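Participant: need the 3D shape of this:
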Amino acid sequence: MEYKKGKETKEKILSTVKQSFYEVGFKKTTMRSIADALGTNQALIYYYFDSKYELAHRIIDEHFYRASTVFKKYIDAEEDLFLFSLLLVRAVLREIYQNPRDLELYLHAYEKPYCDKSQVEYCMLVCQEHGMSVDKKMAEIAVLSTTSVWSQLYFNAKLLSSPVDLDEIRDTTDILRWCYLGFSREEVLEKIKEAKQLLETIPIQGIPLLGKMN
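Facilitator: Got it, this is the predicted structure:
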């Protein structure tokens, strides 16, 4: 009974946060405003979640999982997991680009370090698929050290000698991650190119990060 109550409370918090992110945006959403919307105190929110960043990461993780089931009909993940992982993130990001609130959440969420367990698992499985020896710690370092690249490059682009767009940031993240794990830059770029070509054949699915599905 206690477990069920805790699960229901967490789901209620996540639902309220998603609505707030959608209506007022990530920056204006605070732990206090979340508590106020739920008619409770901040202590309850902090009991389940450390910060609004953790809440954002949870929402994004669930979104990627939900989207992966949709995009699996376009490519067999078991046939080429490396290609699928590169395609999935680009397909989901393309969906996110359709809504300014979704993009705002995604960009700001990764201002804080985060190690996505599903990405760690993908890294280990892909390397295993290619006969490469990579342990969990190495995969965690690869994910943790590159996840924040997204926000760092986007919000600090003015420090670069020339503009950088979102696609280039995504490519850079993948190059850094997979090269650290042992792939050559040429291998990664070739697989990214393949993922982009495949993505062009797949229609936008209307899977929002926030809000309701079309």
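Participant: what helix or strand is the residue most central in space within the chain on?
Facilitator: Nearest to the mean C-alpha position of the chain, counting by Cα atoms, centre = their mean, stands Ile60 at 5.3 Å. Using DSSP states H and E, Ile60 sits in helix 52-71.
Participant: again with Gln98
Facilitator: Gln98 is part of no helix or strand when elements are defined by DSSP H and E.
Participant: show me what contacts the spatially closest residue to it that is not a sequence neighbour?
Facilitator: Nearest residue to Gln98, sequence neighbours excluded (Cβ to Cβ, 6 or more residues apart in numbering): Ile204, at 6.9 Å. Yep, even glycine has a C-beta here, placed from its N, CA and C like the rest. With contact set as Cβ atoms under 8 Å, 6 or more residues apart in numbering, Ile204 has these partners: 94-95, 98.
Participant: what packs against the helix holding Ile60?
Facilitator: For helix 52-71, the contact count by 3 or more Cβ pairs under 8 Å, 6 or more residues apart in numbering; DSSP states H and E identifies helix 2-24, helix 31-38, helix 81-96, helix 100-109, helix 117-129 as packing neighbours.
Participant: orientation of that helix relative to helix 31-38 in degrees?
Facilitator: For helix 52-71 against helix 31-38, the angle by axes from the mean of the first three to the mean of the last three Cα atoms, to 10 degrees is 70 degrees.
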